[in-house]
Structure formats: C-alpha cells, structure tokens
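Trainee: Turn this into a model:
(chains A and B)
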Number of protein chains: 2
Amino acid sequence: MRLSQFHLRTEKETPADAEIVSHKLMLKAGMVRKLAAGLYTWSPLGLRVLRKVEAVVREEMNRAGAVEMAMPSVQPKELWEETGRWQKFGPQLLKIRDRKEQDYCFTPTAEEAVTDFARNELASYKQLPVNFYQVTTKFRDEIRPRFGVMRAREFVMKDAYSFHVSDEDLQREYRNMYDTYARIFTRLGLRFRAVFADTGAIGGSASHEFHVLADSGEDALAFSEGSDYAANVELAEAVSPGERPAAAETLRKVDTPVQKTCEDVAALLGIALQRTVKSVALMGVDAEGGPQFVLALVRGDHVVNEIKLAKLPGLADYRLATEAEILEHLGAEPGFLGPLNARRKIRVVADRSVAAMADFVVGANENGFHLAGVNWGRDLPEPDETADIRNVVAGDPSPDGKGVLGLARGIEVGHVFALGRRYSEAMQCTVLDENGKAVHPAMGCYGIGVSRIVAAAIEQNHDDAGVVWPEPMAPWRAAVCIINPKGNADVSAAAESLYRELNDAGIETVLDDRGLRPGPMFADIELIGIPHRIVVSERGLAAGTFEYRARSASESENLDRESLLSRLRGE
Amino acid sequence: MRLSQFHLRTEKETPADAEIVSHKLMLKAGMVRKLAAGLYTWSPLGLRVLRKVEAVVREEMNRAGAVEMAMPSVQPKELWEETGRWQKFGPQLLKIRDRKEQDYCFTPTAEEAVTDFARNELASYKQLPVNFYQVTTKFRDEIRPRFGVMRAREFVMKDAYSFHVSDEDLQREYRNMYDTYARIFTRLGLRFRAVFADTGAIGGSASHEFHVLADSGEDALAFSEGSDYAANVELAEAVSPGERPAAAETLRKVDTPVQKTCEDVAALLGIALQRTVKSVALMGVDAEGGPQFVLALVRGDHVVNEIKLAKLPGLADYRLATEAEILEHLGAEPGFLGPLNARRKIRVVADRSVAAMADFVVGANENGFHLAGVNWGRDLPEPDETADIRNVVAGDPSPDGKGVLGLARGIEVGHVFALGRRYSEAMQCTVLDENGKAVHPAMGCYGIGVSRIVAAAIEQNHDDAGVVWPEPMAPWRAAVCIINPKGNADVSAAAESLYRELNDAGIETVLDDRGLRPGPMFADIELIGIPHRIVVSERGLAAGTFEYRARSASESENLDRESLLSRLRGE
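Mentor: As a prediction, the model looks like this:
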C-alpha cells in the first residue's frame, strides 16, 4: 500500500473530549471517528488493525476445532422470553419494533439464538461435541458510553458456544478454549493474565476472565510473580500468615484524644501501621435469626473485603452498625472501638492476619483512648472466628504457594464460561445420547471483545509520540519513507524497490510517498505506531545505506540492504 | 477440513415452505436456517460460501484502489434528516429508539454516514479521489420477506462511496467500478450482464445494474447476442426498422363481427399478426394544457411501453381514455379502433415499426369492422409523430448496431450509480479545490448484494441433485470420500494422504470421513455442490486408481494419482 493512495488523516491536536489515552490516540491517529454516542466509524487505518485481531482470533479458533457461522443481529423477542432474559437483561438490551409491530432486539450476545440453532440442528450425541463461533457486531445500550471503542455501544465481538453430552467433555473444551485464548493474546503480542472470575449475569459454574494488563485498567488484579495464578483482587485469597509471635509487651491504655484512625494512632505512638487493628462494627443475624452485633477486625494497613465478609454465616446481608447501636454495644464512638470491654455480648471476627498478631493496638471502647500491647488469650479471649476478610496486597504470599502476589490493573478482553445446562434446559434443546435417551447438552460460552482489544493494546503500548503496536497488530509492520520523492528520481526508485522487496519477503510494508517534510512524516509514522521505519534519502543512497529505526528505539541506525533485511526478518 | 469435525446437517426432504430453488437447496443443504421472518442464521457450510464471495469482492475492490472501512449499523435520525430520507425512505427503514428515547435506524445503506465521515475527514482536493467501501450487515424491513436470503430483511452488502473534485473524475471512477464489478462476477464464475438502469430511489445521473442471469430472475433483460449491450426490457431501445415497402393492396373494409383483438382479426383474415396494428386510446394534454385525445399505434405482436410513452410531450401523466371519450372521438367501441375516419381531431403517435408498415390492418372506427390494405400517405396522412413506444422483443436489432437482441431474466446483484452532488450538497460536505475555493465533491456509490449472490448463483447453477457451484464459490473445490473408513486401514490412509496432498497443492479439499454408506455420502456431496469428487475404495486401491467425478459430469472415471492431480489442477 502507498500512503498517497490510502486515506490517512491524522490530527495535530489531542482531542479535548477523550478521557483515556487509547481514545485520544485512536482519534489523533484517525483510526475511528464518532458518529453518535457510543457509535464509531472505523477508518481504513483503524479497520486494518481490527482485521489483524479478527484474523488471529479466527485462525486460533479454527485451529482449536471450532466452526464459524453467523447469526442475525436482529433477534425476535420470543426467543429471549424463553430464557426470561427479555426482562432480565435490563435496559442494555436495545429493543426494536418492526413495521408489523413485532418486537426484536439488537443482539448483545447470542446464547438464545445459538441454542435455537442447536435444537434444530443437533439430534444425536454423534454430532457432539461442537463449538460454534461467530465474529459479528453486537450492541449494548450502555447508559454512559465512554472511552471510545473501549466501552462503545456497538462493538465487534467473537462469541463461541459449545455443546457437550457430558460435563467432563465441557470441562475438556473449557480448557481447550482457555488455552486457545492464551494463544490468541500471546500471538497478538499482549501482556495478559487469565483470572478466576465471578460468573455474573450470564451465569454458570466456572469462569475465567482474560485481562490485558494496563495501568489504566478498570479492574484490579492480583497475580503471582512465581506462577500463573491470577484473580480479581476482590476474589484473591489472602492466605494465613505464619505463627503468632509470643507476647512481649504489657497491656496499657494510651491517650489518643483526637486520633481516630489507625494512621493517626500509629503516628502518635511512633509505631508501624501494621501494629494497629481496625475495628469495623456491623449488624448481621444470629443463629436464631435475631440481630447480631459483629466486630470485624483487620490490620490497620488492610482493607475489609465486602464479598468475603458476606460469605460468613449471618453476614450475607450485613450492614454497617449505626452510631446508636455502637454506643449501646461498645460504649464509645467510632474511632475508639475495639474487641475488649464491650458492654454487651458481641461477635468478634478476626482476619487471619489479625489473629496472628501480638502486642497490637486497638480502640479502648472509651472515647479518647486506645489500648496498646494487646495480646490474644491474655488480654481478651481468642477471636470467635478467624477468616479471610480482607483484600490482598502486594507482597502477600500467592494462594498456590508459589511466590508472592503483585497487583496490576487489567482491561477485560475475554471471558470463558462453563454454562452448564441453563440454556439447553430453558429452551428444550435435547439430543439423543448413546442409549437413545433425550438429554440436555452441557454448554460453554466463550467471548472476546475484538474491537476492545484494539483500545486495550494501545493502553498497554504507547508513548508520548503515539501508539507502539505489538507487531502482530500493527497496520503495517514497516514503513518506507521517501525524503523529497519528487526531488530525486533515484531516491524514489530505491524506495519503490525496497518497498516491493520487503512486501515480497512477507514483511507487510507501506510506502510513505505523500511528499511530506520529514518532521510531519515521521510524526505520523510514529503516531500510528508502525514498528519499523526505514528512511530513503539522497545521502543514504550515496552511502549505500538506509536509515532504520525501531518504533521502540530512541536512535536510528544506518544499515545496508542486507543488514536491514535480516533485521526485519528478525534474524 | 474433515467432515466428521465439521458441522454438516443436510435434510432429506425438500422444505415445503420454500418457493424458489435456491431457497429450497440452501435449506436442504443446511446452509442457512430461519431465525424469524427474513432473518437467517448462516451455518458453517453457508458461511464458507458467503466468505468466498466476500473475499473476491474485497480483493477486487482493493485492486481497484478502494479502501475498506466500516460504519456503524445503528445510525442517528439527525443524520438521515439532513437529506430528508428519514421520512422518504419509508417503512423499509427499521427505526430504533434507545434507552434515552433518541431515534436511530438500522442502516439499509450508508450515503448519509459516509458523507458525514467525508465532511470531517476530507479538507482538500489533494485527498481526492477516494473510494471508501465496507462489507457489512444491512437491514431493510421488507413488508413481505421471502425467497430466503434472496430477499431477506437482514443481509450482507458491500457498499462503496467515491468522492471527486470533478464530474470527469467521477466518470473515470464509475467506469473503474463498472470494470471491477465485471471482474468480480467473472471471477465468481457467474454468467451475468451489466444493464442500463433507471436510477430509482437513490437518485443520480448514470446507473448500471449487474444481473446474474437465471430463468427465475425477477427482471426481464434485453441483451445483444453480438456485443455487450444490455438493458432492462423496459428501457431497451427498439430501433427503427428499414424502409417502408410500397403499397401492394387496395384499401378494403372487412367484416369482423366479434373479432376485437389483433390475434382474432389476424386469424379470421388468415394473415400474420405482424400485419395488424393495435390502437391504444389515451388522454394527454395539448400544447395549451387542454385535454388531448391520443391514439398510440403499435404492431399487433408488440406491447406498448409505458415508460417510453410517458416521455413524449403531453404524455407525462397520461391515462387510458374512457369509453365515453373513445365514442366521442372515434365513434366506435374498443376493439374496432383505428387512425382513419375519426369524428374529431386526434393526435396519432405511431411506433417506429408501425410507421414502416404497408398494407396493414386497423379497426374501422365502426363496430364490427376493420380496414385491411391500409397504407400511410394514401389512405390516411403520415402519422403526427413516429416514436419508440414499445418493448423490444427477441430478434430486434441491437441498438448499438451489433447483432440482434435476446431476452433473458436476471437477478440484480450489483448496482453502480454516479450520484453527483446530491448528498454532498444536502450535507454541506466541501473540500478546497486547487484555487482554495470550497466545492462540493461529486459522489458515486456502488453496491453489491453479497449474501444475495449466494442465492443467485444457485438459481443459475443447480440440477436435480442439488447445487452445482462455480468453482470459486464452492465451500471446498474437492471432496475425498472414504468408503468404509473403519473397514480397511489402507483405504483410510490412502484417503488421508490424498486429502493432504491436494490441500498442500492449493486445492481446497474436504475429507468425508463420516463413515456414511456410499449412497447418502454421495448425495450429500452432490447436494452441497462440491465441484470434484474423488472416491477412495478398496477396489480402486488395488487397481491403483481413484474414482473421479466432476459435479457437472454424469459418469465417473478411474484415474491414477498423477492424472487426478493434473485434472484438478486444470491441466
């Protein structure tokens, strides 16, 4: 491709209304243009990148044995009513009424449509397993579409749905898809993590999310630096620390007239924050169903994890205690609370790390005072319960025993679910098994946000000059830039010849023959993130060299033709 | 691909509700399945064919210099209001209201969206010409969706839009696209015709339709058997015949008591229908705007063309004359009308072929009588006007002077329009020209019904056993069928080896390893239209041959490996 014959339109200014770097750079590079809220036109440049992603996704899905098909965008209400999702999906489901006053929706996902297809197509266990996939446009009517194609309303998704006679076979395919997703993101050149996930609205029994790692990611992830363990921070287990040390201090009451937070108390006492304990007062229900006052204890430097807390008996629907309830049970105001000297019977839940502490500091249940040198079993009874009720932090041991946890932020770009029989049962999809008995097939579903990957890749790979594409996603791998194409016929001819040679060698190359001055030309090539830039100039030609620069490098090198070719071939 | 790992599901019975052969065969072969009225899921088999068409379309559009991009499916009302098409497009436009009560539509075509893109992207004549195209899902809310994907509501269309500083450049690109379309349909292996067309709802100044020829086609086409001239029958010119012969008969009145049609009169008189003249009584307006009685004359075997008639002065809004008006002007009832002996002044419009007749037969303007041996200039004045007012018939000379016309039926699969400035003006899309002046670019638009091509190809290419794909559209070019795959390991191994060898040689081949009996296996391979079938059997293996059969042939041949390979390579 010659840039003079390609429609490239970059912007000098960074668009004011874009909030995140990928959106800014996609607009600046002219990859997308907004048509309306959450609706984007993909320019020729943007589409080239999108197609690279699609191609890798297709190749790996095919290699994994999945078969591509395509379901309609517009789907009838009746289908969605069979599973109750016409209502349950909520306002994100874009509803459409046709000229005959029939109701339809623009498909946000296709469990219903594929199960309808399957119940008509599949009759026998002999046709299973099968994994149908499609790469099509989906729509979610986001209330606040933002961040460009990162959270657009219309987007390109690869969705796959597998059907199995047994749960074991579903597990096999789930693992197959998990591995396939890992291959896809690896081939795309992205740093990613597969994490355990909550199954959310689609439901099912097992689920992993695939996240592209980027500082701007919406999700906080914990991952082992010594294994492939990864999970959302909210779900990652904070494992038990070692043995509790022996008590070394005596219990003493300390004046903390205005110190209500662990940080302030630690500062006043001149001790590490890790020596303090935070007391959070909650109301749950007791074994008889009556109200129960609960004091949840975490280390001063830790944060209570509400999801973990809610999994404890009687706390499924807990709430924070009111100030009146706190006064009634503990006799003090928030800021001075602790597990000692309660006025009434309370339930004490200690985080694992708190249960392992000695000589710690808690509120004294008396306004203006804390207790220091507190020790379990000596100054107060062992906690009623010890449990994992906090978020993990960087440096925690990995739950799989291998290495310690790091924290990262991620952008979810893929999701695999073992759905089970929820859809096949609701929609009466059956096949005959080996004994001639009609059974509901077990299903899996596997999604990849194809257009989202483009934005996520930029969030992960950019610098001040623009996008720094991983090679497999770049619109072209190399750009041959001509300095003053009309000024010297030899320069143009040499550039043409190199351009052809590189393409013939399988290195997808664009020729920048637009005749721009070097500054704006190089700025464009850097902005759009081409991994390899080669400049053909009069001076270089005289010296028999080309000026080569990798997008990620800060300096250019002068290389002869042969060295250049081996460099680009990765030799 | 191995069929055992591909989802192929054919039906034994021909579906009862399908009206046309392509719909029947697509359902029977399991290429598509209906989700709702006019909405079809493409099965893995159907999608393979659709993708072949898409690939050829993309390759040729790219080769022609067009650049691919992609616009959203859902487009805002405001855009469509700028051109007035929100209303004008009518109920085929599927309207959508989102959760914020904003109005959108599902795009049936994208002139508005692309012009909006262009007015933001294009600033200077230096960026022109440019031709943007996309291959995306479109929607037309047909009142009576039928014929499967032939007239579905949701369909895949390739639409392209070009922008030019001058009309001349638009004409150049129009020709470029015309040639590109011809290459696309040629490469797909289809018999087609490009025909002059009315510009219809999209508007514009020049237009050609591309039709796949098939007996079941909706459109009647006239084409030269000696050149590439082709047109819709309604638009094809009926050229002037030769000189009028000299009069040979005398004028005489003949008794035709009940003979009111040319056919009946010719039969009674024992003459050729071509010797009679049909008189059609119309009401138009005269030069002063008053009512004018017009007698349009065409040969007895010809049909009046209403479009041509309406192009004559005063006939733009003509209507048929009432019986009272006929009696008043001619004094006789319909069935006995003619240009002689009118009671009042009438306007006589003779078709070119009528003006060239001698010794002809017309009604006598007297109930129960006709006149025979009538001659212009002798028995009545020369006609007031001579014009082309009839449909062409097979055997007419081609308007380009090369050969004679044949008639055929066609299915429209492509359309090229020179739009002009209608959209760029309505939407204030301008670029600066060489003099720095803002001008509206001239536009062309070019559509191909990608999913429709699949059905049209089947209408053109099928037999009693099923589809007979042109090779470039076939899901696979060849099928290697194993007889009794589990019975003889040598047979399976030989089939595997041939299957790999063919694929390695670039001949896309499927292995039928499903273990079906020969009858059902061959029936499937014929039904789905694979061009080349190779059977590997114990007997053939012993003889060192494969049983080869072209889909279009009626007999099989036994070929050794080498002959088979050259045959498949087309050597």
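
Trainee: What are the buried residues along stretch A:317-329?
Mentor: Buried residues in stretch A:317-329, counting neighbours by 16 or more other CB atoms under 10 Å in any protein chain shown, are found at A:Y318, A:A321, A:E325, A:I326, A:H329. For glycine as for every other residue, the C-beta is placed from the backbone atoms N, C-alpha and C.

Trainee: ok, the first one - contacts?
Mentor: Right, the one you point to is A:Y318. A:L282, A:M283, A:G284, A:V294, A:L309, A:A310 (CB atoms under 8 Å, 6 or more residues apart in numbering or on different chains).

Trainee: Of the buried residues of stretch A:317-329, which belong to helices?
Mentor: Counting by DSSP state H, the buried residues of stretch A:317-329 place A:E325, A:I326, A:H329 in helices.

Trainee: Find the nearest non-adjacent residue to the second one, please.
Mentor: Closest residue to A:I326 in three dimensions, ignoring its sequence neighbours and counting by CB to CB, 6 or more residues apart in numbering or on different chains: A:A281, at 5.0 Å.

Trainee: so A:N503 touches A:L511, yeah?
Mentor: No: between A:N503 and A:L511 there is no contact under CB atoms under 8 Å: 9.2 Å.

Trainee: rewinding a little: which of the buried residues of stretch A:317-329 sits closest to chain B?
Mentor: Nearest to chain B among these: A:Y318, at 32.9 Å, using CB to the nearest CB.

Trainee: Look up phi and psi at that closest one.
Mentor: When read as degrees, to the nearest 10, the backbone of A:Y318 gives phi -60, psi 160.

Trainee: contacting residues for the most centrally placed residue in chain A?
Mentor: Closest to where the C-alpha atoms of chain A average out (CA atoms, centre = their mean) is A:E412, at 2.5 Å. Neighbour list for A:E412: A:E209, A:F210, A:H211, A:E218, A:D219, A:G449 [criterion: CB under 8 Å, 6+ apart].

Trainee: Quick check: phi and psi on the residue nearest to the last one when sequence neighbours are not counted?
Mentor: Pointing back at A:G449 there. Residue nearest to A:G449 in three dimensions, not counting chain neighbours: A:V413, with 5.1 Å by CB to CB, 6+ apart. Main-chain torsions, A:V413, degrees, to the nearest 10: phi -120, psi -10.

Trainee: Just give me the neighbour total for A:V413.
Mentor: 27 (other CB atoms under 10 Å in any protein chain shown).

Trainee: Equivalent analysis for A:A36, please.
Mentor: Neighbours of A:A36 using other CB under 10 Å come to 21.

Trainee: Could you pull up the residues touching A:G242?
Mentor: By CB under 8 Å, 6+ apart, the contact list for A:G242 reads A:A356.

Trainee: State whether A:A550 and A:I530 are indeed in contact, as I suppose.
Mentor: No: taking contacts as CB under 8 Å, A:A550 lies outside contact range of A:I530: 10.0 Å.

Trainee: more neighbours, these two?
Mentor: Remark: of A:A550 and A:I530, A:I530 carries more neighbours, 26 against 15, as counted by other CB under 10 Å.

Trainee: By proximity to chain B, which residue of the stretch 451-571 of chain A wins?
Mentor: For the stretch 451-571 of chain A, CB to the nearest CB, closest residue to chain B: A:R514, 9.1 Å.

Trainee: Get me the contact residues on the stretch 451-571 of chain A for chain B.
Mentor: Within the stretch 451-571 of chain A, no position is adjacent to chain B by CB under 8 Å from any CB of the partner chain.

Trainee: Could you grab the helix/strand/coil label for the residue nearest to A:S216 when sequence neighbours are not counted?
Mentor: Closest residue to A:S216 apart from its sequence neighbours, by CB to CB, 6+ apart: A:E459 at 5.0 Å. Under DSSP: H, G, I helix; E, B strand; the rest coil, A:E459 falls in the helix class.

Trainee: count of residues packed around A:A457?
Mentor: The burial count for A:A457: 30, using other CB under 10 Å.

Trainee: can you tell me how far the residue nearest to A:P334 when sequence neighbours are not counted sits from A:G335?
Mentor: Leaving aside its chain neighbours, A:P334 sits nearest to A:I326 (6.2 Å; criterion: CB to CB, 6+ apart). Relative to A:G335, A:I326 is positioned 10 Å away (CB to CB, to the nearest Å).

Trainee: Quick one, grab the pLDDT at A:P15.
Mentor: Listed pLDDT for A:P15 reads 82.

Trainee: Quickly find the element holding the nearest residue to it once chain neighbours are set aside.
Mentor: Nearest residue to A:P15 in three dimensions, chain neighbours excluded: A:L27, at 4.4 Å (CB to CB, 6+ apart). Element membership of A:L27, judged by DSSP states H and E, is helix A:21-28.

Trainee: Next, count neighbours for the residue of the stretch 151-300 of chain A found nearest chain B.
Mentor: Across the stretch 151-300 of chain A, no residue is closer to chain B than A:E154, which sits at 5.0 Å (CB to the nearest CB). Burial of A:E154 is recorded as 24 neighbouring residues (other CB under 10 Å).

Trainee: correct me, but A:R352 touches A:E237?
Mentor: No: between A:R352 and A:E237 there is no contact under CB under 8 Å: 9.7 Å.

Trainee: Between the two, which contacts overlap?
Mentor: Contact criterion CB under 8 Å, 6+ apart; residues shared by A:R352 and A:E237: A:D388.

Trainee: ok, which stretches of the stretch 1-150 of chain A are helices?
Mentor: Listed in chain order, the helices of the stretch 1-150 of chain A (DSSP state H, counting those that start in this stretch) span A:21-28, A:44-63, A:77-82, A:85-88, A:111-121.

Trainee: correction: the stretch 151-300 of chain A
Mentor: With helices called from DSSP H, counting those that start in this stretch, the stretch 151-300 of chain A shows them at A:167-187, A:262-269.

Trainee: Make a markdown table from those helices and add mean pLDDT to it.
Mentor: Below are the helices of the stretch 151-300 of chain A laid out as a markdown table (pLDDT from 0 to 100):
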| stretch | mean pLDDT |
| --- | --- |
| helix A:167-187 | 97 |
| helix A:262-269 | 96 |
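
Trainee: who's in contact with A:P383?
Mentor: Contact analysis of A:P383 by CB under 8 Å, 6+ apart lists A:L297, A:P339, A:V348, A:V349, A:A350, A:V354, A:A355, A:W376.

Trainee: one more time with 10 Å, if that's ok
Mentor: For A:P383, the contacting residues are A:L295, A:L297, A:P339, A:R347, A:V348, A:V349, A:A350, A:D351, A:V354, A:A355, A:W376, by CB atoms under 10 Å, 6 or more residues apart in numbering or on different chains.

Trainee: Quickly list what the fifth one is bridged to.
Mentor: Read it as A:V348. Counting by DSSP bridges, A:V348 is bridged to A:L295.
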